[in-house]
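> Fold the following.
(one chain, ligands or ions: 2)
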Amino acid sequence: MGKIIAGIGTSHVPAIGAAMDRGKANEPYWKPLFDGYLPAREWMKNNKPDVAIIVYNDHASAFSLELISTFTLGVADEFLPADEGYGPRAVPNVKGHAEFAWHLVEQLILDGFDMTIANDMPVDHGLTVPLSIMNGEVDVWPYPVIPLCVNVIQYPPPTGGRCFMLGKALRQAVEAFDEDLNVVIFGTGGMSHQLQGQRAGFINPEFDTMFLDGLTKDPASLASISHETYMREAGSEGIELVMWMIMRGAMGDNVKEIYRHYHVPASNTAAGLIILENA
Ligand code: DHB
Ligand code: FE
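Numbering: from 1, shown residues only. Ligands and ions are numbered 1, 2, ... in the order given. The predicted structure follows:
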């Protein structure tokens, strides 16, 4: 059967990818952030999964406002880095796992989650930056990836509670696979940030710390955080944190925190990273 061996939460700030791609990771602005990623990369090397499920959001790269899908699962053999307006990042193409992805999407739909199925979906910084953060610069990504894309761009996004339930269903779907597969699930985006309007630049370390603590100690209480609370406490783009709730739902009831890194700011964002294993 499939087995979820760990969950990772991480920000996906595009400037983090750009700093790596342009050789700036050792500059004074970036070094403290990247130093904090080293233990996470070490852990990743020692815990290489057979496949990763990466819960992320598209930022009007693969989809435009013409089509807004709430939950989309990528079933292709390969996903190309998206052109985000200044050309695609020069990172490896992302290999998929079609057989496992079709199994997951079938199980989820039969379980009542009406997923959209993507045969062709370029992946933007929302997915490639977390891969870069966890794996550094590589010629080939070390494991195949199943992208699970969530709408957090256009109101109404799914609630954190619904995301938590999707994560639980995803866990069951993983475990119903008839081949032995070790799976790591990423929840990406966040933490607190606001890119627009009067509060542009807003960051809230108290909220972020409460959220990181809650992932281990009391995820059910995080699942009841409303859209309004995310908006007020984490900024308008802080709503990306609902994607971490899918990751958390896919973990067991009891988890242990293996590693945490929190750094303010990375570009306009409070950058967080957490690694959870089942207790
Ligand atoms: C930034 C953060 C994001 O999550 C994003 O999608 C784009 C930009 C930023 O902090 O600059
Ligand atoms: Fe984002």
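
> only C-alpha atoms for contact and neighbour calcs from this point on.
Fine.

> Can you classify Ile275 by secondary structure?
Three-state assignment for Ile275 (DSSP: H, G, I helix; E, B strand; the rest coil): strand.

> what packs against the longest strand seen in the chain?
Looking across the chain with DSSP state E, the single longest strand is strand 255-266. Applying 3 or more Cα pairs under 8 Å, 6 or more residues apart in numbering; DSSP states H and E, one finds that strand 255-266 contacts helix 31-46, helix 205-217, strand 269-278.

> And stretch 205-215, how far out from the chain middle?
For stretch 205-215, the gap between its own C-alpha mean and the chain's C-alpha mean amounts to 17 Å (Cα atoms, centre = their mean, to the nearest Å).

> which parts of it are buried?
Neighbour-count burial for stretch 205-215 flags 205, 208, 211-212, 215 (criterion: 16 or more other Cα atoms under 10 Å).

> could you dump the residues you listed to TSV with distance to ligand 1?
Formatted as TSV, the buried residues of stretch 205-215 follow (distance: Cα to the nearest ligand atom, whole Å):
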residue	distance to ligand 1
Pro205	15
Asp208	14
Phe211	17
Leu212	17
Leu215	20
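
> Quick one: those as JSON lines, columns for pLDDT too.
Output for the buried residues of stretch 205-215, formatted as JSON lines (pLDDT from 0 to 100):
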{"residue": "Pro205", "pLDDT": "98"}
{"residue": "Asp208", "pLDDT": "98"}
{"residue": "Phe211", "pLDDT": "98"}
{"residue": "Leu212", "pLDDT": "98"}
{"residue": "Leu215", "pLDDT": "98"}
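
> now, among the residues you listed, which is nearest to Leu181?
Leu215 (24.5 Å; Cα to Cα).

> ok, now how distant is the closest one from Gln172?
20 Å (Cα to Cα, to the nearest Å).

> what's the answer for Ala25, then?
39 Å.

> Could you check which residue of the stretch 151-279 of the chain lies nearest ligand 1?
Asn268 (3.6 Å; Cα to the nearest ligand atom).

> Excluding chain neighbours, what is closest to that residue?
Using Cα to Cα, 6 or more residues apart in numbering and skipping the chain neighbours, the partner closest in space to Asn268 is Gly201 (5.5 Å).

> Number of residues surrounding Gly36?
17 (other Cα atoms under 10 Å).

> whoops, I mixed them up, Ala234
26.

> Who's the closest spatial neighbour of it, skipping the chain neighbours?
Nearest to Ala234 is Ser192, by Cα to Cα, 6+ apart, at 4.2 Å.

> Equivalent analysis for Ser61, please.
Glu84 (5.9 Å).

> so what's the one you found scoring on pLDDT?
Glu84 carries a pLDDT value of 93.

> I'd assumed Phe63 was in contact with it.
No. Contact criterion Cα atoms under 8 Å: Glu84 and Phe63 do not qualify, at 11.4 Å.
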